[in-house]
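Peer 1: With the input below, show me the fold.
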Amino acid sequence: MNAVSPAELRVVFDTNVYVSAFTHFRGAPFRIWRHAVEWRYVLLVSPAIITELAGVLRETFDWDEAAIVRRVKLLTKVAEIVVPRIRLQVVAADPDDDRILECAVAGAADLLVSGDHHLTRLKSFRGIGIVRPVDFLRMLS
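Peer 2: Next up, the predicted model:
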């Protein structure tokens, strides 16, 4: 990872980080989300991540559409929306993780934050560090 000030740090969250932050109001994912809301760093998100997040909140957590729309609107106000023009095939075991990597590459991210072992096992991808939420929280402190 390049040396940048926290305010210039460009970060992508895996969908699991958003889900944890939006369903459990304690712990590292929620705390790093709060830092994003306070613009302590630049949060990047793609339409594919937003779509996956909405689907998980709808299907797994039974959120109603109005609650999903409110959360997505907040997310799009906080984050910079990146539209990847590339398609990657890196994580054969979970191709949805490739969408996260695509956002990170297209958005020139410094860090990708994930709780998914398929991604964290990589440790980095094309110079983009991959860390767990608790590790990112330590970096921000």
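Peer 1: which residues of this protein fall in strands?
Peer 2: For the chain, the strands defined by DSSP state E occupy 10-13, 42-45, 80-81, 111-113, 124-125, 128-131.
Peer 1: The ones you listed into CSV, with extra columns for distance to Asp94?
Peer 2: C-beta: built from backbone N, CA, C; applies to glycine. Compiled in CSV, the strands of the chain are given as follows (distance: least, Cβ to Cβ, whole Å):
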stretch, distance to Asp94
strand 10-13, 16
strand 42-45, 19
strand 80-81, 23
strand 111-113, 14
strand 124-125, 14
strand 128-131, 14
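Peer 1: Lowest average pLDDT across these?
Peer 2: Sorting those by mean pLDDT places strand 124-125 lowest, at a mean of 91.
Peer 1: Need the contact partners of that strand.
Peer 2: Applying Cβ atoms under 8 Å, 6 or more residues apart in numbering, the contact partners of strand 124-125 are Met1, Val90, Leu101, Ala104, Val105, Leu112, Ile130.
Peer 1: And the furthest pair within those residues?
Peer 2: Spanning the widest gap among the contacts of strand 124-125 are Met1 and Val90, at 18.5 Å by Cβ to Cβ.
Peer 1: Most neighbours of all the contacts of strand 124-125, which one?
Peer 2: Ala104 (32 neighbours; other Cβ atoms under 10 Å).
Peer 1: helices or strands up against the helix or strand bottoming out on mean pLDDT in the chain?
Peer 2: Ranked by mean pLDDT, DSSP states H and E, the weakest helix or strand in the chain is helix 117-120, scoring a mean of 88. Other helices and strands packing on helix 117-120, by 3 or more Cβ pairs under 8 Å, 6 or more residues apart in numbering; DSSP states H and E, are helix 96-106, strand 128-131.
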